[in-house]
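Visitor: Predicted model and sequence follow; I will ask about them next.
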Amino acid sequence: MTITHATKHAERLLAWYDRHRRTMPWRAPAGERTEPYRVWLSEIMLQQTTVATVGDYFHRFVKRWPTVEALADAPLDDVLSAWAGLGYYARARNLHACARTVIERHAGVFPEDEAALLALPGIGPYTASAIRAIAFDHPASAVDGNVERVIARLFALTTPLPDVKAEINVRAAQLVPLQRAGDYAQAMMDLGATVCTPRTPSCVICPLMKGCKGREQGIAEELPRRAPKSDKPTRRGLAFVLSNRDGAILLRKRPPKGLLGGMDEVPSSAWREGKLVVADALTEAPVPANWKILEGGVRHTFTHFHLELVVAHATAATSRLAKLSPGTAWVTLDKLTERALPTVMRKVIAHAVKAKS
């Protein structure tokens, strides 16, 4: 695409954006820049999560921690608890670590330099580009899934993902205008989310319809192509819901690193592939008790595997069991919302409560 064509592309897209820009909790009004903290927070939240889901979380976060300083001062457990339900909890740990690093290394001011941004915990090339473009108006190319789709269709790139990513990035960077780079970045995201959608794109109202090679060739809807995905394995385990006579449930904290690191959980056996042998799994119970296997179970999907949990319940004879190991605590049902419980554990507890009622 020539410089003239790239300029026309940007002009048409920005004119469309001025009329149709979406209203987002983290976006500044038209003509203003969004502060870096809000750009960064929203982009981390939006990774692998929908806009509809993120809105309420974003409102709660900025109300509780309106600045990067406030977030850096917050206990990690509080951040994890507020994050519960968004999934991919490494993002929350990196979010907290990044806030502290911005305070320690940059005096509480997000850097504009790409290398400095990439050195911060949890910030990769896309997030760095989004911050530079939206918060600082640098002509940085921010390529998320929506932008990948627009570029693949615009240039009729038929190589499947992920192999085509490098070419998409090069093509996208060539189109970024020197002026209004932040608006342009958000316009590309909005176009992919509302017009150039994964299925049944609205080509007739697209500002980039003229010159879109995918539309001209009649293959827009099938782009970008994707390499076949391998089937996810299924792991299985036995979850132990232990109640005391007051109705509180025993929770323990997971190791700080790894899957669901630092989160609270109901104790469970190891999660293994293959058939679950309940008798063997019962040997991994947190305490000896009269464990009752509940009907049904819980299924949850992580990025790389499915998880199926059978649920066992028992009532402890004494609350002294809470002292069995560090990191365990009795938590009443009305206090569960204050804990950093991942979605899968909330499912387990809900299943046990329903089975007992």
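Guide: Happy to help now that I have it.
Visitor: need the contact list for the residue lying farthest from the centre of the chain.
Guide: Centroid-distance maximum for the chain: Ala317 at 40.2 Å, with Cα atoms, centre = their mean. Listed by Cβ atoms under 8 Å, 6 or more residues apart in numbering, Ala317 has no contact partners. The C-beta positions use only the backbone N, C-alpha and C, and glycine is treated the same way.
Visitor: Mind checking what secondary structure it has?
Guide: Assigned with DSSP: H, G, I helix; E, B strand; the rest coil, Ala317 falls in the coil class.
Visitor: Look at it and report its pLDDT.
Guide: At Ala317, the pLDDT value in this model is 73.
Visitor: What of Thr4?
Guide: At Thr4, the pLDDT value in this model is 63.
Visitor: quick one: the closest residue to Gly85 other than its chain neighbours from Arg171, how far?
Guide: Nearest residue to Gly85, sequence neighbours excluded (Cβ to Cβ, 6 or more residues apart in numbering): Thr343, at 5.8 Å. Taking Cβ to Cβ, to the nearest Å as the measure, Thr343 falls 37 Å from Arg171.
Visitor: between the two, who's got more neighbours?
Guide: Arg171 (18 against 14; other Cβ atoms under 10 Å).
Visitor: which ones are touching the more buried one?
Guide: Residues near Arg171 by Cβ under 8 Å, 6+ apart: Met1, Ile151, Leu154, Phe155, Leu157.
Visitor: quick one: what helix or strand has it in it?
Guide: helix 165-175 (DSSP states H and E).
Visitor: list the buried ones in that helix?
Guide: In terms of neighbour count (16 or more other Cβ atoms under 10 Å), helix 165-175 has its buried residues at Ile168, Asn169, Arg171, Ala172, Leu175.
Visitor: Report the backbone C-alpha coordinates of the following helix or strand past that helix in PDB.
Guide: The element immediately downstream of helix 165-175 (helix or strand, assigned by DSSP H and E) is helix 181-194. What follows is helix 181-194, C-alpha atoms only, in PDB (Å, rounded to 0.1, in the frame of the first residue of the first chain):
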ATOM      1  CA  ALA A 181      -2.300   7.800  16.500                       C
ATOM      2  CA  GLY A 182      -4.300   7.100  19.600                       C
ATOM      3  CA  ASP A 183      -7.600   7.600  18.000                       C
ATOM      4  CA  TYR A 184      -6.500   5.500  15.000                       C
ATOM      5  CA  ALA A 185      -5.500   2.600  17.300                       C
ATOM      6  CA  GLN A 186      -8.900   2.700  19.000                       C
ATOM      7  CA  ALA A 187     -10.700   3.100  15.600                       C
ATOM      8  CA  MET A 188      -9.100  -0.100  14.300                       C
ATOM      9  CA  MET A 189     -10.200  -1.900  17.500                       C
ATOM     10  CA  ASP A 190     -13.800  -0.600  17.200                       C
ATOM     11  CA  LEU A 191     -14.000  -1.400  13.500                       C
ATOM     12  CA  GLY A 192     -13.000  -5.000  14.200                       C
ATOM     13  CA  ALA A 193     -15.400  -5.300  17.100                       C
ATOM     14  CA  THR A 194     -18.500  -3.700  15.500                       C
END
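Visitor: Give me the residues contacting helix 181-194.
Guide: Under Cβ under 8 Å, 6+ apart, the answer for helix 181-194 is 10, 13-14, 16-17, 20-22, 27, 33-34, 51, 129-130, 133-142, 144-150, 172, 176-177, 206-208.
Visitor: Now that helix: average pLDDT?
Guide: Mean predicted confidence for helix 181-194 is 97.
Visitor: and what of stretch 119-127?
Guide: Per-residue pLDDT over stretch 119-127 has a mean of 96.
Visitor: State the distance spanning the first to the last residue of that stretch.
Guide: 12 Å (Cα to Cα, to the nearest Å).
Visitor: buried residues in stretch 45-62?
Guide: For stretch 45-62, burial by neighbour count (16+ other Cβ under 10 Å) applies to Met45, Leu46, Gln47, Thr49, Val51, Val54, Tyr57, Phe58, Phe61, Val62.
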